[in-house]
Every structure is written in C-alpha cells, then in structure tokens.
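Asks: sequence and predicted model, in that order:
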Amino acid sequence: MGRRNASVLPRTPADINGMLSIVFVGPTKLNDQSLKTMFQVRKKLVWAFLQWLCTHNRLYRHVRLDEDIMNQYPEDGPVPGVADRVIYNHESDVRAVFAEETAGFSEHPAEAFLGTASTDNMKVNGAILLESMGVADPESSKVSGRAFTAAALSNLMPAGPEKPSLVMSRGTDAVCEYDNPDLVPDMFPTLFPFGIGGFDDKSRPTALGFRRQIEYTLDLADKSFRYHRTYMFVMLNIWQRRLAHLHTHFTVRRAHFETLAKNLVSISPTTLRRVADHLKKEKSYSSLSNTDSSALNLLSKVNTVAARIPGSQAAKIHIRNEIRSYFGYFGVPQLYFTCNPIATHSPIFQVMCGDETVDLTQRYPILVSARERAIRLARDPVAASDFFQFCVRALFMHLFGWDFEAATSTSTGGILGHLEAF
C-alpha cells in the first residue's frame, strides 16, 4: 500500500490548520463559541481513541503516539489557530447570498432559522446547522487531456495482473486506488475501527461491487456512514474517477475505421502501456522512440470520449436528447407536470429519519418542530434522497400506472391512461 499518511499521531495543530480554510459571510465576526462548536477538540477522547486504534486496528499498529503533540490541544475547545484561518466577507449581504445559494421550487430548510442575521439564531440545542456538502468532479475537469488519452490507451490493453494506471497521490508515495482493501478503512478509522471491511476485497467468498458496497454502507441501520460529513463525497468522487478512467474510449470517422483498426490492433500491449505512461508523466513527445511515435501519431485521427459520468454535463445532455427523441417519435406533449416532494413537511420523511413516534395512520400526524425537521434534513441527505426516490416511484406506480420491473405501463394504466415511455 505504500507509506502511510503519518508515522506519528496526532498531527500538530499547524498541520491541521494547513488543510483548513473558512469563509464567513456576515455583518459581524464569527464568535468563539461558534468556532468551538464546529471545530471542537476534546483532548481526552481523542487521545483515548488513538490509543484504542493502535491496540485494535491493524492499520494503525505501526503508528507512534506523541503525547507532547496531544498536549498542544485544549482540553475542550477549538483547534488552536483555527481563528486565523477565517476569511471574513463583510461586504456581501447575508440574506442575498443565502437566497442565491438556496434558490429552488420550495423554501430551504434553513428558513426556519432566519429570525435574525445573527449566527446564534442558527443554533439548535447547541449545534449549528451545517448541511452535508462536498466537492466532486463529475466533468473530470481536473483530469488532463493527456490523462484521458492515456486512460483510453490503457483500456486497449488486455487485462493483466499489473497495477492499474490510475493512482491517488497520498503523502510522498502514490497509494493504489484499485484492488486496495485497506484504502478506505485507513482514511476513515471512525467508520472502520478494526481496519477491516474495505472495498475491492478479493478474499470475499462472494464478489461485491464498489458502488453496491457504498449503497450498502449508507443503508445500514447504524447511520454512522450517512452522518459522516465527508465519507459519501469521497466515495462518490472515487466512483466518478473510476468511471472516467475505466470507460474512456476512442471514436474514429468511418472512412478511417478499417485502416486505424488494423494499425491499433497491430500495436503490442507493451507499446501501448509505454506510450500511456509517457503521456501521464507529461514527458516530451520528442523523447519517444520511432515505434512509440508511430503509435502516438494514430491518435491524431481519433477522438477521446469519456463515459457519461452521473452528474456531469454529458449525462444531462444525454437525458435531454432522450426527451427530445420522445418528442420526435410521439409528438410534442400537451401537458407538463412538475413533481416537487418537500421532505421537511412530510411525515414519511420523518419515519425514514428514524422517528418512530410518527403515526402514519393518522390524517394529520404529530410532527416535531420545523427547526428539528430542518436539522434532520441537513444531517441526513441520504434519507432525503430515499424520500424523493420513494415519492417518484409511488407517483408513477400508483397514479400513472407504470411497472418499474417490466419497464412498461400496467395493464390497467393510470389516471392519464397508458404511458408510452418513461
């Protein structure tokens, strides 16, 4: 797996602050209590957890614990120096920024907290409303053109025992992203406390796909995975990178197909691998051998095409084209319908969040306050996604008469008759 992130733990406050950047928009400065709530460190608990990890987690047994570094942290307070990482924006209007960022068909859950512009009003039971957010790269904009071409070349090679060509930089060494059961448990010790249960584990009696395992962890009765603020976004990004890499391919004009196909097939896997490695390392074209240069010249007549990655612009265009093709085949629709389920007001969503006190047999079930419902929605975006999927499926099954298993309209149809396509 290569060298670990650190041979000594915990990291110093300076190391932690080097990875943090906070932008605060508001008329006043962020108060100390808010910083403590968001970046709280309880030294005794952290130290006890690190000791437990070194004893019970096989991935952390090599780590040396430094109590002098631990003593640089407060007993119960924010990370030292985190206040210096805050960038204040006093020029933007708070409500205008909020309205722009939360614009939609229905009110944002945080509307329940906007009594005043003070951050104190955003607190409920000592907590600050923080939506689970992350950064992904569905367009693969951080993947260079050479990397795409190298990935496409790699996919022309026959499968073999060699290591994959895509790795994630981690520390001073590159840690393999594929076939590495230790990768995810090493990144999330609080979710995999014993260092087992990782992804791409070939020792399992029954193979388990990467996406299937992500969905499984998010559907566990123990909601630690879905409540974690970074897990789902890191896993989504890894999955998107895999799609971008493994499903990148070449397209070519029909007039050149036969000639290029014969030439590409005649190139040995060793040459393809060497050219792909050359491209990934951004080396000069002039240093290529004659054989490698001839292989690379073939690329001037082909186009590199990436897969339709979920969430990317290509995926959206594909869906739009499908809808337009329906128009061409069935004609322009005469009726447009917009479905917008609102989770915060739904008793069903509260049950999905684990509230067993809600009685769905009642016409008007008793719910918790609007503030508490907003907290639930912000805390559990997986439940919100499940709720939306449930509503859409129920709508099409019971009102429009669509059979999802058979992918066709039911024999009885729905309120609009029989659906031709969905």
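Replies: Received the coordinates, thanks. Numbering: from 1, shown residues only.

Asks: longest helix in this structure, please.
Replies: helix 313-330 (DSSP state H).

Asks: after that one, next one along is what?
Replies: Under the assignment DSSP states H and E, the closest C-terminal helix or strand after helix 313-330 is helix 347-352.

Asks: quick one: average pLDDT of that following helix?
Replies: Mean pLDDT, computed over helix 347-352, is 93.

Asks: mind listing what's buried along whatever helix or strand comes next after it?
Replies: Using DSSP H and E, the next helix or strand after helix 347-352 towards the C-terminus is helix 370-379. Residues of helix 370-379 classed as buried: 371, 372, 373, 374, 375, 376, 377, 378, 379 (neighbour count, 16 or more other Cβ atoms under 10 Å). C-betas here are computed from N, CA, C, even on glycine.

Asks: give me the contacts around the following helix or strand past helix 370-379.
Replies: From helix 370-379 onward toward the C-terminus, using DSSP H and E, the following helix or strand is helix 381-394. With Cβ atoms under 8 Å, 6 or more residues apart in numbering as the test, helix 381-394 has contacts from 131-132, 218-219, 226, 232, 339, 341, 343, 346, 348-349, 352-353, 376-377, 404.

Asks: now with 7 Å, please.
Replies: Residues from elsewhere that reach helix 381-394 (Cβ atoms under 7 Å, 6 or more residues apart in numbering): 132, 218, 226, 339, 341, 343, 346, 348-349, 352-353, 377, 404.

Asks: so which of those is the closest to residue 329?
Replies: Using Cβ to Cβ, residue 404 comes nearest to residue 329 of the contacts of helix 381-394, at 21.4 Å.

Asks: neighbours of the closest one, how many?
Replies: Neighbour count of residue 404, defined by other Cβ atoms under 10 Å: 10.

Asks: next one: the one 5 residues further on
Replies: By other Cβ under 10 Å, the residues close to residue 409 number 20.

Asks: same thing with residue 221?
Replies: 5.

Asks: just residue 60 next, same as before
Replies: 21.

Asks: isn't it right up against residue 49?
Replies: No. Under the criterion of Cβ atoms under 7 Å, residue 60 makes no contact with residue 49, lying 10.4 Å away.

Asks: buried members of the contacts of helix 381-394 into ChimeraX, please.
Replies: The ChimeraX command for the buried members of these (criterion: 16+ other Cβ under 10 Å) is given here:
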select :132,218,226,341,343,346,348,349,352,353,377
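
Asks: of all the contacts of helix 381-394, which comes closest to residue 318?
Replies: Nearest member of those to residue 318, counting by Cβ to Cβ, is residue 404, at 20.3 Å.

Asks: and that closest one, how far from residue 361?
Replies: Remark: distance between residue 404 and residue 361 (Cβ to Cβ, to the nearest Å) = 26 Å.

Asks: do residue 326 as well
Replies: Distance from residue 326 to residue 361, by Cβ to Cβ: 40 Å.

Asks: for stretch 262-274, output the C-alpha coordinates as CSV.
Replies: Taking Å, rounded to 0.1, in the frame of the first residue of the first chain, the C-alpha atoms of stretch 262-274 are listed here in CSV:
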residue,chain,number,x,y,z
LYS,A,262,-5.7,-2.7,-38.2
ASN,A,263,-2.9,-0.4,-37.1
LEU,A,264,-4.2,-0.2,-33.5
VAL,A,265,-4.6,-3.9,-33.3
SER,A,266,-1.0,-4.4,-34.6
ILE,A,267,0.5,-2.4,-31.8
SER,A,268,1.7,-4.5,-28.9
PRO,A,269,0.4,-4.1,-25.3
THR,A,270,3.9,-3.2,-24.2
THR,A,271,4.0,-0.3,-26.6
LEU,A,272,0.5,0.9,-25.6
ARG,A,273,1.5,0.8,-21.9
ARG,A,274,4.8,2.6,-22.6
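
Asks: show me which parts of it are buried, residue by residue.
Replies: Buried residues in stretch 262-274, counted by 16+ other Cβ under 10 Å: 264, 267, 271, 272, 273, 274.

Asks: restricted to helices, list the residues you listed.
Replies: 264, 271, 272, 273, 274.

Asks: what two of the residues you listed are the furthest from one another?
Replies: Greatest spatial distance among those (Cβ to Cβ): 264 and 274, at 14.9 Å.

Asks: what's around the closest residue to residue 357 other than its chain neighbours, how many residues?
Replies: Spatial nearest neighbour of residue 357, chain neighbours left out: residue 366 (7.6 Å); criterion: Cβ to Cβ, 6 or more residues apart in numbering. Residue 366 has 9 neighbouring residues, counting by other Cβ under 10 Å.

Asks: show me what contacts residue 9?
Replies: Residues in contact with residue 9 (Cβ under 7 Å, 6+ apart) are 50, 63, 65.

Asks: from the residues you listed, which is closest to residue 79?
Replies: Once Cβ to Cβ is applied, the member of those that ends up nearest residue 79 is residue 50, at 15.8 Å.

Asks: so what's that closest one up against?
Replies: Residue 50 makes contact with 9, 10, 65, according to Cβ under 7 Å, 6+ apart.

Asks: so what pairs up with the first one in the strands?
Replies: Residue 9 has these beta-bridge partners by DSSP bridges: residue 65.

Asks: ok, it to residue 67 distance?
Replies: In terms of Cβ to Cβ, residue 9 sits 11 Å off from residue 67.

Asks: flag the shaky bits of the stretch 251-400 of the chain, pLDDT-wise.
Replies: The stretch 251-400 of the chain contains residues with pLDDT under 70 at 251-261, 263-265, 279-282, 297-309, 313-314.

Asks: check the stretch 1-150 of the chain too.
Replies: For the stretch 1-150 of the chain (pLDDT under 70), the answer is 1-5, 25-28, 90, 94, 98, 101-150.

Asks: all strands for it, in order.
Replies: Using DSSP state E, counting those that start in this stretch, the strands of the stretch 1-150 of the chain run over residues 8-9, 22-25, 40-42, 64-65, 76-78, 86-89, 123-124, 127-128.

Asks: neighbours of residue 402, how many?
Replies: 21.

Asks: whoops, I mixed them up, residue 356
Replies: Neighbour number of residue 356 under other Cβ under 10 Å is 7.

Asks: same check, this time on residue 330
Replies: Residues lying near residue 330 (other Cβ under 10 Å) number 10.

Asks: wait, it sits on residue 422?
Replies: No. Using Cβ under 7 Å, residue 330 makes no contact with residue 422, being 11.8 Å away.

Asks: shared neighbours of those two, anything?
Replies: With Cβ under 7 Å, 6+ apart as the test, residue 330 and residue 422 reach no residue in common.

Asks: what about residue 67, distance to residue 50?
Replies: Relative to residue 50, and taking Cβ to Cβ, residue 67 is found at 10 Å.

Asks: all good on my end, thank you.
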